[in-house]
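Asks: okay, structure incoming, though there's no sequence with it:
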């Protein structure tokens, strides 16, 4: 799986958009970009994933650059409950262990300030 | 409600006393796995199972066993726990194929003294 690079920490004001970057310059054509978050010591929570196109769901938006070497997770109106560690993970498509296993890096510790 | 349930949530035990951490999911997922999380090392996969009676080692399997007799359950067994197995453990499940999201349990904080 391609390696990802994320900033160690970020701050954002409550109510503002939080933009979390991720670099994955060695990503392959069949690898998806996933985002998970972990609030305190709870189990990681799935947020969103994408392959090439930008994606949006009720939690966030995912912007993937045209060359797919980087992406940005956007939390449009951050709240205090969004304070968490956010993980950007690149994973192959298809079946098998490679498509299921999650390789977690250190993630970005996002702090939402009142 | 779709969920992965782990028990116990907290456990303090002594070195060498066999223990089992249970994991159950109600989503009929084929794939299940166990991770441990340690400061500075992140989450690492211990064992995984592609389906009933199909299990295999992850990245850090030493000192652990698993079984998958039923699709919904995937217990983690520590035959002879040691202090270096003190950690936060997570069970996860997902459907086969990709892309797919993984669902995680709430975690089991294990302390071995």
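Replies: Received the coordinates, thanks. Fair warning: this is a prediction, and the values are worked out from it, not measured in the lab.

Asks: run through chain A and note the low-pLDDT ranges.
Replies: Under the criterion pLDDT under 70, the flagged ranges of chain A are A:1-2, A:94-95, A:98-99.

Asks: where exactly do the strands run in it?
Replies: For chain A, the strands defined by DSSP state E cover A:9-13, A:18-23, A:31-38, A:45-50, A:55-56, A:61-64, A:70-75, A:84-92, A:108-113.

Asks: tell me which of the ones you listed sits nearest to residue B:12.
Replies: With distances scored as CB to CB, the stretch of these nearest to residue B:12 is strand A:31-38 (23.1 Å). C-betas here are computed from N, CA, C, even on glycine.

Asks: partners of that closest one in the sheet?
Replies: Strands that pair with strand A:31-38, judged by DSSP bridges, come out as strand A:45-50 (antiparallel), strand A:84-92 (antiparallel).

Asks: between the longest one and strand A:108-113, how many degrees?
Replies: In other words, strand A:84-92. Between the axes of strand A:84-92 and strand A:108-113, defined by axes from the mean of the first three to the mean of the last three CA atoms, to 10 degrees, the angle is 150 degrees.

Asks: by how many degrees do strand A:84-92 and strand A:70-75 diverge?
Replies: Counting by the same axes, to 10 degrees, strand A:84-92 lies at 140 degrees to strand A:70-75.

Asks: can you give me the neighbour number for residue A:53?
Replies: Residue A:53 is flanked by 8 other residues according to other CB atoms under 10 Å in any protein chain shown.

Asks: over to the one 5 residues further on?
Replies: Neighbouring residues of residue A:58 were enumerated by other CB under 10 Å; the total is 5.

Asks: the closest residue to chain B within chain A: what's it in contact with?
Replies: At 3.1 Å from chain B, residue A:43 is the closest residue in chain A, using CB to the nearest CB. The contact partners of residue A:43, taken as CB atoms under 8 Å, 6 or more residues apart in numbering or on different chains, are B:4, B:90, B:92, B:104, B:105, B:106, B:107.

Asks: dump the strands paired with strand A:31-38 to TSV, plus mean neighbour count.
Replies: Formatted as TSV, the entries for the strands paired with strand A:31-38 read as follows, by neighbours: other CB atoms under 10 Å in any protein chain shown:
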stretch	mean neighbour count
strand A:45-50	18
strand A:84-92	23
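
Asks: confidence score at whatever residue of chain B ends up closest to chain A?
Replies: With CB to the nearest CB as the measure, residue B:104 is the residue of chain B nearest to chain A, at 3.1 Å. Here, the pLDDT recorded for residue B:104 equals 96.

Asks: so which bits of chain B are right by chain A?
Replies: Contact residues (CB under 8 Å from any CB of the partner chain) of chain B with chain A: B:4, B:31, B:33, B:35, B:37, B:42-45, B:48, B:50, B:56, B:58, B:88, B:90, B:92, B:94, B:96-107, B:109.

Asks: so which of those belong to strands?
Replies: Using DSSP E, these in strands are B:4, B:31, B:33, B:35, B:37, B:42-45, B:48, B:50, B:56, B:88, B:90, B:92, B:94, B:103-104, B:109.

Asks: now the buried members of those residues.
Replies: In these, burial by neighbour count holds for B:4, B:31, B:33, B:35, B:37, B:42-45, B:48, B:50, B:88, B:90, B:92, B:94, B:103-104, counting by 16 or more other CB atoms under 10 Å in any protein chain shown.
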